[in-house]
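>>> Here you go, sequence then predicted model.
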Amino acid sequence: MVRTTIQFLLIACCAAQASASPLTVRVVDAKGHAVRDAVVTLRPAVGAHSAPRGGSFTVSQEDMQFHPFVLVVPVGARVAFPNRDSTRHHVYSFSPAKRFELKLFAKDQSRSVLFDKPGIVALGCNIHDGMTAFVVVSDSAWAAKTGANGVVRFDDVPASAARLSVWHPYLRAKANVVERQIGPGERAASFSVALRPAPMAMDHGY
Amino acid sequence: MHCARTLSAIRPARFLAPILLACAAPAGAQGIDLFSPETLEATGTVSVAATDGEESWLDGGFGKLDTSGSDGAWRVRPLLSEGNLVWKPRFGWALSATVVGTFQGGERDEAGLSEAFLTFKPKRSGETRFSARAGLMWPPVSLEHEGADWHVRDTITPSAINSWIGEEVKPIAIEGTLARNFGGHQLSATGALFAANDTAGTLLTFRGWALHDRKTLAFNAHPLPPFEENDVGYQAPFTHPLLDVAPGFAARPGYYAKLSWQAPVPVRVELFRYDNRAEPEAVNSDVEWGWHTRFNNVGIQADLGGARVRAQAMSGRTRMGFVEEGSRWIDMRFRSAFAMVSRPVGKFEIAARVEAFDTRHRGSWWGDEYDEDGWAAVLAGKREFGPFTGVVELLHVSSDNPAREHVALPEHQAQTRLEADLRLGW
């Protein structure tokens, strides 16, 4: 009985490994140029897939900007906000996914925030209106942002139908998201998206 | 005697101790930071300028620039142009102050208080943000200036419009701003009441438009160009821009208002309205008059594929003195507009600006024989080296101003200047 069970588990494990395969997603703009900082999320149509939780991440403030501009984290992640500028920052968000305020902290000081709900969290600095960034808190096991080449690669995507979405802060679409279905055999997908120009900071001069 | 001296020394010390402790303390739990390296900054500019043409208005002439030629020939001069000490204490999470002490060199050395205002900026709780300022400050008109020291961003010399804002339009104001995001649109509305700017328009009237980065310092005066011999005595030969001529501080407050709209594309449009509501017949013992000055300004800023385009257009009117023969002594309309393009080129940022300006006099003292017309063009390059910024600028200004006949000059004058600045900031 025990031997039979072990054999079954080994077969099931091998089958699962055989059914997982890589998926490459490329995001380009209307002119065919690579789009960086687009967040690609895959949600398989069948089966429960537990996403990783927690982990430690960093969004620094340097040269009066947040770095990185877009950060993708799993639910339960703790994000540190070290200040590397010589001036104080007052980091906040009023996004429904995470409302928080890190009151004035100085150079080489850091504060951290636990992101415990999925969603898009827009960051700002109360002192410097031109500073903006986004934390994308994902409950999917397959979520990543594109690099300078506009490409995201997932190594272990289940070989089943899935819903693929692309979000970008300046994407011209409802909620800044476009989606499409992919079939069980698809190993590559591409999105052509229309982007708005980045807004200018509303500089009040003080 | 010894005891008395000791006691007198101790009492102030006991009184001052808590204040000194608060000043010396680093930012505490309440966000208070009165004196620390972070609250202080210093900036300065040294320059070399080669200027031809007429004598500067700072030297008693009608020259449009803040440097003078040498009887029409080129004059090369090193200058300690400017130094600023900025203090930005924080009194809490949302309340801070900006105090700027400025030294201005060049043709005329002076030092004084440039700005001193409180800023209230609570954390935004949603798509709406409120902020407020109160004190001595420039109204938010210029698209060319930035920073607490109000330096010109891309060139050395600001446009005629913003040169005038810098020299004559600086009141003591209380100002509130409400900003809100609507989808991808950002709207901002600013309103302010102000006092102590009753003489705005004096320099613009008697000298005409000018191009310089000279700033108004509190309580300091600007010289006025020479008057015609028969006109001496009707107006002081100087003007204090920060002045309530009518009795009583803020007894007759002025106002300014601004609307700003930014579409979901990188274009911003600003509308600004100013009215100092000064009493044109009010005059003080120095013979400085109230100048009822009002103007509208439109500003447009756009980022176009790596190039930044900025433009402003201003139209206004100023009136002073008594009504004689159906019109006030001075009744002058003034207009100016500029367009500027700047863009990075390698490690440099290049900027080019063109502008035009005029005045139209319909007063009983100064009539249309004093109308001025002019234009200017600027080409500048800027490069940053750590805490240093180098700027080189070539400027040409040409104008017809009949008031030049007061100093026996032809009304048409043209002037060119090549200037290199080294700006330092700590």
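Received, thanks.

>>> what stretches of chain A score poorly on pLDDT?
A:1-19, A:47-49, A:201-206 (pLDDT under 70).

>>> Could you list the domains of it?
Per automatic domain parsing, the structural domains of chain A span A:21-47+A:142-197, A:50-139.

>>> Could you dump these into a markdown table and include mean neighbour count and distance to chain B?
Every C-beta, even on glycine, is put in place using the N, C-alpha and C of the backbone. Putting the domains of chain A into a markdown table (neighbours: other Cβ atoms under 10 Å in any protein chain shown; distance: least, Cβ to the nearest Cβ, whole Å) gives the following:
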| stretch | mean neighbour count | distance to chain B |
| --- | --- | --- |
| domain A:21-47+A:142-197 | 17 | 5 |
| domain A:50-139 | 18 | 5 |
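
>>> Next, format those as JSON lines and append distance to residue B:112.
Formatted as JSON lines, those follow (distance: least, Cβ to Cβ, whole Å):
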{"stretch": "domain A:21-47+A:142-197", "distance to residue B:112": "42"}
{"stretch": "domain A:50-139", "distance to residue B:112": "26"}
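
>>> ok, which stretches of the stretch 301-426 of chain B are strands?
Assigned by DSSP state E, counting those that start in this stretch, the stretch 301-426 of chain B shows strands spanning B:307-324, B:327-345, B:348-361, B:372-385, B:388-400, B:412-425.

>>> Quick check: which of these is nearest to chain A?
For those, the distance to chain A is smallest for strand B:307-324, at 9.1 Å, taking Cβ to the nearest Cβ.

>>> Quick check: mean pLDDT of that closest one?
Strand B:307-324 carries an average pLDDT of 97.

>>> Residue nearest the middle of chain A, spatially speaking?
Note on chain A: the residue nearest the mean C-alpha position is residue A:72, at 2.8 Å, using Cα atoms, centre = their mean.

>>> In chain A, where's the longest strand?
strand A:20-29 (DSSP state E).

>>> how about that one as PDB, C-alpha atoms only?
C-alpha atoms of strand A:20-29 as PDB (Å, rounded to 0.1, in the frame of the first residue of the first chain):
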ATOM      1  CA  ALA A  20       5.000  23.300 -16.500                       C
ATOM      2  CA  SER A  21       6.800  25.200 -19.200                       C
ATOM      3  CA  PRO A  22       8.100  28.700 -19.800                       C
ATOM      4  CA  LEU A  23       6.100  31.600 -21.100                       C
ATOM      5  CA  THR A  24       7.600  34.800 -22.600                       C
ATOM      6  CA  VAL A  25       5.500  38.000 -22.800                       C
ATOM      7  CA  ARG A  26       6.600  41.000 -24.800                       C
ATOM      8  CA  VAL A  27       5.000  44.400 -24.400                       C
ATOM      9  CA  VAL A  28       5.500  47.100 -27.100                       C
ATOM     10  CA  ASP A  29       4.000  50.500 -27.700                       C
END
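
>>> relative to strand A:20-29, how tilted is whichever helix or strand comes after that strand?
Once strand A:20-29 ends, the next helix or strand along the chain (criterion: DSSP states H and E) is strand A:39-44. Computed by axes from the mean of the first three to the mean of the last three Cα atoms, to 10 degrees, the angle separating strand A:39-44 from strand A:20-29 equals 140 degrees.

>>> name the helices or strands packed onto strand A:39-44?
Applying 3 or more Cβ pairs under 8 Å, 6 or more residues apart in numbering or on different chains; DSSP states H and E, we find strand A:39-44 packed against strand A:20-29, strand A:132-138, strand A:142-145, strand A:151-158, strand A:162-167.

>>> in its sheet, what does that strand sit against?
Applying DSSP bridges, strand A:39-44 is found paired with strand A:142-145 (antiparallel), strand A:162-167 (antiparallel).

>>> what comes into contact with the last one?
When you say that, I think you mean strand A:162-167. Applying Cβ atoms under 8 Å, 6 or more residues apart in numbering or on different chains, the set of residues contacting strand A:162-167 from outside is A:25, A:27, A:38-45, A:120, A:136, A:175-182, A:189, A:191, A:193.

>>> what's the answer for stretch B:180-188, then?
A:196, A:199, A:202, A:204, B:127-129, B:177-179, B:258-264.

>>> what's the model's confidence in it, averaged?
Average pLDDT, stretch B:180-188: 87.

>>> ditto for stretch B:390-407
What stretch B:390-407 shows for mean pLDDT is 96.

>>> now swap in stretch B:97-115 and tell me
95.

>>> buried set for that stretch?
For stretch B:97-115, a neighbour-count test (16 or more other Cβ atoms under 10 Å in any protein chain shown) marks B:97-107, B:110, B:112, B:114-115 as buried.

>>> From the chain's centroid, how far away is it?
Distance, stretch centre to chain centre, for stretch B:97-115: 12 Å (Cα atoms, centre = their mean, to the nearest Å).

>>> That stretch near chain A at all?
Yes - judged by Cβ under 8 Å from any Cβ of the partner chain, stretch B:97-115 and chain A are in contact via residue B:98.

>>> For chain B, which segments are assigned as helices?
B:2-24, B:160-168, B:202-207 (DSSP state H).

>>> How much space separates the most centrally placed residue in chain B from residue A:89?
Nearest residue to the geometric centre of chain B (Cα atoms, centre = their mean): residue B:166, 1.4 Å. Distance, residue B:166 to residue A:89, by Cβ to Cβ, to the nearest Å: 30 Å.

>>> Now do the contacts for the residue nearest to residue B:397 when sequence neighbours are not counted.
Closest residue in space to residue B:397, ignoring its immediate chain neighbours: residue B:376 at 4.0 Å, by Cβ to Cβ, 6 or more residues apart in numbering or on different chains. Counting by Cβ under 8 Å, 6+ apart, residue B:376 makes contact with B:64, B:159, B:160, B:211, B:353, B:354, B:355, B:357, B:395, B:396, B:397, B:398.

>>> Recalculate using a threshold of 10 Å.
The contact partners of residue B:376, taken as Cβ atoms under 10 Å, 6 or more residues apart in numbering or on different chains, are B:64-65, B:157, B:159-160, B:209-211, B:336, B:338, B:353-357, B:395-399, B:414-415.

>>> Distance of it relative to residue B:106?
Taking Cβ to Cβ as the measure, residue B:376 falls 19 Å from residue B:106.

>>> Would you mind giving the orientation angle of the longest strand of chain A with respect to strand A:151-158?
Using the same axes, to 10 degrees, strand A:20-29 lies at 150 degrees relative to strand A:151-158.

>>> Return the per-residue confidence for the closest residue to chain A within the stretch 251-400 of chain B.
Per Cβ to the nearest Cβ, residue B:266 is where the stretch 251-400 of chain B lies closest to chain A, at 4.6 Å. On the pLDDT scale, residue B:266 is placed at 87.

>>> And for the one 3 residues further on?
In the prediction, the pLDDT value recorded for residue B:269 is 97.

>>> Show me which residues of the stretch 251-400 of chain B sit near chain A.
B:260, B:262-268, B:301-305, B:308 (Cβ under 10 Å from any Cβ of the partner chain).

>>> Can you flag the buried ones in the residues you listed?
Buried subset of those (neighbour count, 16+ other Cβ under 10 Å): B:260, B:262, B:266, B:267, B:268, B:301, B:302, B:303, B:308.

>>> What separation do you get for the first one and residue B:298?
Taking Cβ to Cβ as the measure, residue B:260 and residue B:298 are separated by 11 Å.

>>> Need the residues touching each of the two.
B:269, B:270, B:271, B:272.

>>> Now a PyMOL select for only the buried ones of these.
Remark: buried members of the shared contacts of residue B:260 and residue B:298, expressed as a PyMOL selection using 16+ other Cβ under 10 Å:
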select buried, chain B and resi 270+272
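
>>> which one among the shared contacts of residue B:260 and residue B:298 gets closest to residue B:123?
Taking Cβ to Cβ as the measure, residue B:123 lies nearest residue B:270 of the shared contacts of residue B:260 and residue B:298, at 24.9 Å.

>>> Could I have the CA atoms of stretch B:405-425 written out in CSV?
Extracted in CSV, the C-alpha atoms of stretch B:405-425 (Å, rounded to 0.1, in the frame of the first residue of the first chain):
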residue,chain,number,x,y,z
GLU,B,405,16.0,111.4,-24.8
HIS,B,406,16.1,112.4,-21.1
VAL,B,407,19.8,111.3,-21.1
ALA,B,408,20.4,112.6,-24.7
LEU,B,409,20.4,109.1,-26.2
PRO,B,410,18.6,108.1,-29.5
GLU,B,411,15.4,106.4,-28.6
HIS,B,412,16.5,103.2,-30.5
GLN,B,413,19.2,101.2,-28.8
ALA,B,414,20.4,97.6,-29.2
GLN,B,415,22.6,95.7,-26.8
THR,B,416,24.4,92.4,-26.8
ARG,B,417,25.8,90.5,-23.9
LEU,B,418,27.9,87.3,-23.6
GLU,B,419,27.9,86.0,-20.0
ALA,B,420,29.3,83.0,-18.3
ASP,B,421,28.0,82.0,-14.8
LEU,B,422,29.3,79.5,-12.3
ARG,B,423,26.6,78.6,-9.8
LEU,B,424,27.4,76.8,-6.6
GLY,B,425,25.0,75.2,-4.2
